[in-house]
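Asks: following is a predicted model, sequence given first.
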Amino acid sequence: MLTIPFQNSYGQLPPRFFTRQTAVPVRAPRLIRFNTDLGAELGVSAKDEAAVANVFAGNDVPPGADPLAQVYAGHQFGGFSPQLGDGRALLLGEVVDTHGQRRDIQLKGSGPTPYSRMGDGRAWLGPVLREYVVSEAMHALGLPTTRALAAVETGEPVYRETGGMPGAVLTRVAASHLRVGTFQYFAARRDIEGLRALYDYTVTRHYPQIEGPAHLLAEVIRRQARLVAGWLSVGFIHGVMNTDNTAISGETIDYGPCAFMDVYHPQQVFSSIDAHGRYAYDNQAHVIVWNMAQFATALVPLMPDQDAAIEEFTALVHAMPEQIETEWRRVFGRKIGIENASAEDAALVTDLLERMAEGRADFTNTFRGLLDGTARDQFIELDAFDKWAEDWRARIAQERDPEAVMRAANPAVIPRNHRVEQMIDAAVSGDYAPFDRLVSVLARPYEDQPEAADLRRPPEASEIVRATFCGT
Ligand code: AMP
Ligand code: MG
């Protein structure tokens, strides 16, 4: 048997916060992978593989679990849905990890819930492996994110546009699953008591030092500004930055049609459902401000003087672009070897990015290539790079250790789309070696790993993935 030291708190919130239910058992659970390091952090130890598979497929409810589906709302592509919720997920419960942090353990793909609408509550292998690989890579890159604790095959088919696909369940670990949309749910129903209970819960769980909703808003804005700047710095495109996919904890959450860019283009979109480019690479910095405005709106009913609150919250939201800009300058400055970049240094970065867009340069390999002189190979017109590099070399001559700074800011390897797709194709036909290899190489993204040179190579024309699909 598998023991998980649950210490649940969400289930003590009022009943209208969730629906208690258990997972729908599956036919033949088979463990794909258990994240042993993360398990150790959470106090989850797994000896017997079958027991692990049964628990993380949802077939066995481990002692102390309190499975429930959370309700929330959210703006999806700008339109408000007053009721969403865990349509294919179940919170098993919470544990307090070895650092004293409370973490959620959630099954994704565990069967329908009252919030499934037309969905089957299931996930197929592709999105489960994609989330496993990309979320773990994000963590290794040093960005706040939900984690992957386990992936299990269900032994049952899941039917999608492409036909019957192997079913799977992902076990996700999160600082919490509180979303901007959770606040919106209670605010939209004018359930002030519920909103207050949610606020109190959030403060206790994530922000014990804060005083009042304005302070909470300011803190969430600070974390989200840092997160989105971090995404931009590694070429990450979330793909579905709906308010229900924006976590109050400041973690990256809900890996659906997300992708890392190969060739740099500021308006790059991959998601097949993002027809208008709302969540394009560059727009993420604007959308997160919009999402924080929705969060602010949902907090207003908590305030005794709502007019004054609107004024105060508006000022906080309006100050966010500058915070993002500051974070952006910090992280991108480091990518070209400069600590504490100035406005002038930021212009040097922008200049490079413009030349990269024009030259169709590979985002990751250009920045990493600044270390070993291969950056210029990324450009069609070598001149474009050489001109920039002259100013850049003069500038970093004044820095103490630009190489060390760049090495820590520019990953050598990222989960490239074509590699993720190839890995999924292999897994569907029963070969998990590419999955295991991606997971292990991406655990050390800032190391050169010469044996993984093929994973650093941009896609050949025939390998380019132009669209990514939601995790449904
Ligand atoms: P997401 O794209 O993951 O943010 O999902 C949007 C909403 O659709 C969430 O409320 C999900 O729970 C729900 N959903 C997505 N896929 C499914 C599915 N296969 N079955 C039931 N609900 C789903
Ligand atoms: Mg979601």
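Replies: Great, that's in hand. Ligands and ions are numbered 1, 2, ... in the order given.
Asks: what does the pLDDT read for the nearest residue to Gly78 once chain neighbours are set aside?
Replies: Distances taken as C-beta to C-beta, 6 or more residues apart in numbering put Arg278 closest to Gly78, at 6.9 Å, once the chain neighbours are dropped. For the C-beta atoms, the positions are set from N, CA and C on the backbone; glycine is no exception. In this prediction, Arg278 carries a pLDDT score of 96.
Asks: tell me the contacts of Arg278?
Replies: Phe77, Gly78, Val287 (C-beta atoms under 8 Å, 6 or more residues apart in numbering).
Asks: just confirm Gln70 is within a strand.
Replies: Yes - residue state for Gln70 (DSSP: H, G, I helix; E, B strand; the rest coil) corresponds to a strand.
Asks: what residues are up against it?
Replies: Contacts of Gln70 by C-beta under 8 Å, 6+ apart are Tyr10, Phe17, Phe18, Gly85, Asp86, Leu91, His177, Thr182.
Asks: count of residues packed around Asp97?
Replies: 18 (other C-beta atoms under 10 Å).
Asks: how close does the residue most central in space within the chain get to ligand 1?
Replies: Compute the mean C-alpha point of the chain, and by C-alpha atoms, centre = their mean the closest residue is Thr252, 2.9 Å away. The gap separating Thr252 from ligand 1 is 13 Å, by C-beta to the nearest ligand atom, to the nearest Å.
Asks: kindly report the same for Arg172.
Replies: With C-beta to the nearest ligand atom as the criterion, Arg172 and ligand 1 are 11 Å apart.
Asks: report the beta-bridge partner residues of the residue nearest to the centre of the chain.
Replies: Note on Thr252: beta-bridge partners Thr145, judged by DSSP bridges.
Asks: surely it meets Leu227?
Replies: Yes - counting by C-beta atoms under 8 Å, Thr252 touches Leu227, with 6.6 Å between them.
Asks: overlap in contacts, the two.
Replies: Common neighbours of Thr252 and Leu227 (C-beta under 8 Å, 6+ apart) are Leu143, Pro144.
Asks: can you tell me the SS state at the residue in the stretch 101-250 of the chain positioned nearest to ligand 1?
Replies: Using C-beta to the nearest ligand atom, the closest approach of the stretch 101-250 of the chain to ligand 1 is made by Gly119 at 2.2 Å. State at Gly119, reduced to three classes by three-state DSSP: coil.
Asks: flag every buried residue along the helix or strand where Ala53 lies.
Replies: For Ala53, the host element (DSSP states H and E) is helix 49-57. For helix 49-57, burial by neighbour count (16 or more other C-beta atoms under 10 Å) applies to Ala51, Val52, Ala53, Asn54, Val55, Phe56, Ala57.
Asks: name the nearest of these relative to Arg368.
Replies: Phe56 (35.3 Å; C-beta to C-beta).
Asks: residue contacts, the closest one?
Replies: Pro29, Leu31, Phe34, Leu107, Leu149, Ala150, Ala151, Val152, Val169, Thr171.
Asks: if we go to 6 Å?
Replies: By C-beta atoms under 6 Å, 6 or more residues apart in numbering, the residues touching Phe56 are Ala150, Val152, Thr171.
Asks: looking at those, which is nearest Tyr72?
Replies: Using C-beta to C-beta, the contacts of Phe56 come closest to Tyr72 at Thr171, 20.0 Å.
Asks: then the host helix or strand of the closest one to PDB, C-alphas only?
Replies: Using DSSP H and E, Thr171 falls within strand 163-174. The C-alpha coordinates for strand 163-174 follow below in PDB (Å, rounded to 0.1, in the frame of the first residue of the first chain):
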ATOM      1  CA  GLY A 163     -10.100   8.300 -32.900                       C
ATOM      2  CA  GLY A 164      -9.500   6.100 -29.900                       C
ATOM      3  CA  MET A 165      -6.300   7.000 -28.000                       C
ATOM      4  CA  PRO A 166      -4.800   5.400 -25.000                       C
ATOM      5  CA  GLY A 167      -6.200   6.900 -21.800                       C
ATOM      6  CA  ALA A 168      -4.000   8.300 -19.000                       C
ATOM      7  CA  VAL A 169      -4.100  10.100 -15.700                       C
ATOM      8  CA  LEU A 170      -1.600  12.700 -14.500                       C
ATOM      9  CA  THR A 171      -1.100  13.500 -10.900                       C
ATOM     10  CA  ARG A 172      -0.400  17.200 -10.500                       C
ATOM     11  CA  VAL A 173       1.000  18.900  -7.500                       C
ATOM     12  CA  ALA A 174       0.300  22.600  -6.900                       C
END
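Asks: the helix or strand following that strand close to ligand 1?
Replies: As assigned by DSSP H and E, the chain's next helix or strand after strand 163-174 is helix 180-188. No - Helix 180-188 lies apart from ligand 1 when judged by C-beta under 6 Å from any ligand atom; the minimum separation is 8.9 Å.
Asks: any idea of the mean pLDDT for helix 180-188?
Replies: 99.
Asks: which parts of that helix are buried?
Replies: Val180, Gly181, Thr182, Phe183, Gln184, Tyr185, Phe186, Ala187, Ala188.
Asks: kindly reformat these as a markdown table and extend each row with distance to Arg407.
Replies: Formatted as a markdown table, the buried residues of helix 180-188 follow (distance: C-beta to C-beta, whole Å):
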| residue | distance to Arg407 |
| --- | --- |
| Val180 | 35 |
| Gly181 | 38 |
| Thr182 | 39 |
| Phe183 | 40 |
| Gln184 | 42 |
| Tyr185 | 44 |
| Phe186 | 46 |
| Ala187 | 45 |
| Ala188 | 47 |
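Asks: give me the distance from the helix or strand where Tyr132 lies to the chain's centre.
Replies: Here Tyr132 sits within helix 125-141, counting by DSSP H and E. For helix 125-141, the separation from the chain centroid amounts to 9 Å (computed by C-alpha atoms, centre = their mean, to the nearest Å).
Asks: how about it as CSV, C-alpha atoms only?
Replies: Output of helix 125-141 as CSV, limited to C-alpha atoms (Å, rounded to 0.1, in the frame of the first residue of the first chain):
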residue,chain,number,x,y,z
LEU,A,125,-1.8,9.9,-23.1
GLY,A,126,-0.5,12.8,-25.3
PRO,A,127,-1.5,15.7,-23.1
VAL,A,128,-0.6,13.8,-19.9
LEU,A,129,3.0,13.2,-21.1
ARG,A,130,3.2,16.7,-22.5
GLU,A,131,2.2,18.2,-19.2
TYR,A,132,4.6,15.9,-17.3
VAL,A,133,7.6,16.8,-19.5
VAL,A,134,6.8,20.6,-19.8
SER,A,135,5.9,21.2,-16.2
GLU,A,136,8.9,19.4,-14.9
ALA,A,137,11.1,21.3,-17.5
MET,A,138,9.6,24.6,-16.3
HIS,A,139,10.5,23.7,-12.7
ALA,A,140,14.1,22.8,-13.7
LEU,A,141,14.3,26.1,-15.6
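Asks: elements contacting it?
Replies: The elements that helix 125-141 packs onto, with contact taken as 3 or more C-beta pairs under 6 Å, 6 or more residues apart in numbering; DSSP states H and E, are strand 147-160, strand 163-174, helix 417-428.
Asks: identify the residues contacting it?
Replies: 145-148, 151, 166, 168, 170, 234, 252, 255, 411, 415, 420, 424, 427, 435, 438, 442-443, 445, 471.
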